[in-house]
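A.B. asks: generate coordinates for the sequence data below:
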Amino acid sequence: MKSRGFLLLLAVLLPVLLYRAGRESSLWIDEVHTLVTVATPVPEMLDHLAVDAHPPLYFLMLKGWLGGVQAIAPQAGLFWARLPNVLLWLVLAATAWFGGRRLVGEQPGALLAWAVAASAAAGQMAKEMRGYALVGAALFGCFLLMAAAVHRARRQESGADAALWLAYGVLASAAMWTHHLAALVLGLLGVTWVAGELCARRWRRRSFAIGFVAQAVAAASAVPLVVDIARQVAHVAAQPAWTTPATTWNLLGSFTFWIPFGRVGAPQWPTSFAPMLLGALALAVPVVACASATRRPASSAPDACRQTQRWLAATGLGVAVAYTLLTWGIDRWIGLQLFHAERYTMPVAALYATGLAMAACLAAQALGGSMRLALGLLAPWLACAAIGHAWVIRIENDHGLGKWLPEAVDLLPGPGAPLYAGPEPLLPMFRSSLAAFDVRPLRAIGQHPAEIDEATVLNLSLWSVDPPPEILFWTLLFNDRLAAHRVERMLPTGGRDFRIVQLRQLDRAAIARHAASAFEPDARIPAEAISAASPLLQRRRQGWAILECTEHGEPFRWGRREEVAVQFDRRVASGRYRLHLHGIRPAAPTETAEMTLQLEGTDWQRTLAVPPGPFEFDLGVVLDRRLPPPVLRITHPVWTMEDLGIRRDSRPFSFVLMRAWWMEDDSTR
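C.D. replies: Below you'll find the model as predicted:
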């Protein structure tokens, strides 16, 4: 019977999620960013994530999954890339069904499972290649495990505390290694648990000690993430505003629009007032009914089971509301963009749904009614979920590359001409959308048919960090180094999801020389150099921006912090050397700035005056011992785009690193 009910839940909901998982029209820029990120080597991926405010667990999981899938089927498409999130939804649904029934009884547990698994937020997490499905399932597991520990304490049971709290610690650690905001949720759960333990009539010292240790160990497991927190906070603070404005109206909309209906409409404000009324009913009906009816004595539920229902209702709703208020308050009064109602509420959506389901069950029990009454009280929530699923599917069907390509029909390749697209890891994900074309990766443009003097290229990733060969390609293209003329268009019209470019009068020599290759070794670094530092070698963790290149194909990186570290590639033995450093000081601000150079692990230090414009330094260095690949720490002022007159843009920049190298000092010979 238990399995039959769970199979019914899967039969109703799983086909919808599998259908959405394969829809290319729903692939959006954040998922593109995920795919491009996991296609990079692990060290580069971790370096990017360390600055980009994303813990690495989900990305490592997805990278391993895609590596295994593509080893079997190299052209596996979008459905297979999204499948891990659908499997995580299955874990969420199974946890809600079997865990809920064990905690609060068969019928209340079944209602809990439907409220959680059918929610619009659960459907969005299952579809979207981001870490929300993993963090949502992990936090919900922590929530139920904590409820089980409280349940056992109230029944004065013993013997399984260690196992419960061990599982809690593992899931809590996984949540924090998936999303930073999980720490807020776990902190609120911890405060709730400690308060409950201290207020209990009978304090179980052993249980409290085990629970405290488990939560402390889980927190300690996330300590390595703290190393990068400062630079991640700076990265988030420097971004132009893109999250939901932290207004009182949007705070209300979190509970009446985005949590009930999911990621529909624009993220800046609720798009319709009528759905908000239904969303308000979804919250008010079970909560008001529960508050009005729970004083009545009539109830057939066991006392311990009813107490657990009360704990789940109060803690689920309380933690979800407190978490949303915290992120809203931090955004509004501190200015750190943490309030993003359509997405950052997803980690607590299952707790919120559990709270509503348990409030409905408590009201029905207090009124002496059956679970049909509880289902009726929860009907507005389930209606919001159904509407949310249908709403977002309609939106997804009206979007996507396949729908938008006809807007650029005049730029599309003619019969027999290929369409070049990149980044290459994205091509299988758009197989259906591009099925009408002879699609080839950008690196194949060097073999473009000789009889065709035009070529069409499609950029599938405007908002991600491209691989170095494609950074080079796009820079040369937009500086007209590959063709005499180009015509470009953004897709969709009025948006910036994709870019299509038609090249006319191709420069075949330039294409053959540059377009399909990676950056060539810098010819300006002498072959006799003892050790060299190319911009390709530097990492964002060391204070650098993403890799860029000049119109001539020379790579460079901007400094983004007052102190950056220049990493060289080879060891340097003791002796006398000349250290060469080449870069560019931005033209504004115009005053001369000081640059301090300090060689890590030595006493060598220099302070130099650097006016705006290119600079080249040739400095003497004496080493009395061999150094591992040297690290040169550079301190230099940092400005923001606002200093250049670009309003509301606080992104930082310093100087540009072009190249650096070590040479033996020939003057001493």
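A.B. asks: for the nearest residue to G601 once chain neighbours are set aside, name its beta-bridge partners.
C.D. replies: In space, and not counting its chain neighbours, G601 is closest to L627: 6.3 Å by C-beta to C-beta, 6 or more residues apart in numbering. The C-beta positions use only the backbone N, C-alpha and C, and glycine is treated the same way. L627 forms beta bridges with V572, as assigned by DSSP bridges.
A.B. asks: now stretch 400-407: how far from the chain's centre is it?
C.D. replies: 26 Å (C-alpha atoms, centre = their mean, to the nearest Å).
A.B. asks: for the residue lying closest to H399 once chain neighbours are set aside, give me its contacts.
C.D. replies: Of all residues not flanking H399 in the chain, S25 sits nearest, at 5.4 Å (C-beta to C-beta, 6+ apart). Contact analysis of S25 by C-beta atoms under 8 Å, 6 or more residues apart in numbering lists 396-403, 433.
A.B. asks: what residues sit buried inside the helix-or-strand element of the chain with minimal mean pLDDT?
C.D. replies: Each helix and strand of the chain was given a mean pLDDT (mean pLDDT, DSSP states H and E); the minimum falls on helix 229-238 at a mean of 73. For helix 229-238, burial by neighbour count (16 or more other C-beta atoms under 10 Å) applies to 231-232, 235.
A.B. asks: tell me how far T635 lies from A435.
C.D. replies: Distance of T635 to A435, computed by C-beta to C-beta, to the nearest Å: 54 Å.
A.B. asks: higher neighbour count, the two?
C.D. replies: Between T635 and A435, counted using other C-beta atoms under 10 Å, T635 has the larger neighbour count: 17 against 9.
A.B. asks: do I have it right that that one meets Q605?
C.D. replies: No. Between T635 and Q605 there is no contact under C-beta atoms under 8 Å: 10.0 Å.
A.B. asks: wait, which of the buried residues of helix 229-238 is closest to L60?
C.D. replies: Q232 (17.5 Å; C-beta to C-beta).
A.B. asks: skipping its backbone neighbours, what lies nearest that closest one in space?
C.D. replies: Closest to Q232 by C-beta to C-beta, 6+ apart is A53, at 4.1 Å.
A.B. asks: all helices in the stretch 101-250 of the chain, in order from the N-terminus.
C.D. replies: Shown for the stretch 101-250 of the chain, the helices assigned by DSSP state H, counting those that start in this stretch span residues 106-117, 120-127, 132-154, 161-176, 182-199, 205-221, 223-226, 229-238, 248-253.
A.B. asks: list the buried residues of the longest one.
C.D. replies: This means helix 132-154. Here helix 132-154 shows 132-154 as buried, counting by 16+ other C-beta under 10 Å.
A.B. asks: one more: the fifth one?
C.D. replies: In terms of neighbour count (16+ other C-beta under 10 Å), helix 182-199 has its buried residues at 182-190, 192-193, 196-197.
A.B. asks: surely L434 is within a strand?
C.D. replies: No. In this structure, L434 is coil, not part of a strand, as judged by DSSP: H, G, I helix; E, B strand; the rest coil.
A.B. asks: any idea how far it is from L506?
C.D. replies: Taking C-beta to C-beta, one finds L434 at 22 Å from L506.
A.B. asks: show me the contacts for V226.
C.D. replies: V226 neighbours (C-beta under 8 Å, 6+ apart): none.
A.B. asks: use 11 as the first number from now on
C.D. replies: All right, first residue 11 from here; so that's V236.
A.B. asks: next, count neighbours for W671.
C.D. replies: Here the number of neighbours of W671 (other C-beta under 10 Å) works out to 23.
A.B. asks: same check on D628?
C.D. replies: For D628, using other C-beta under 10 Å, the count is 10.
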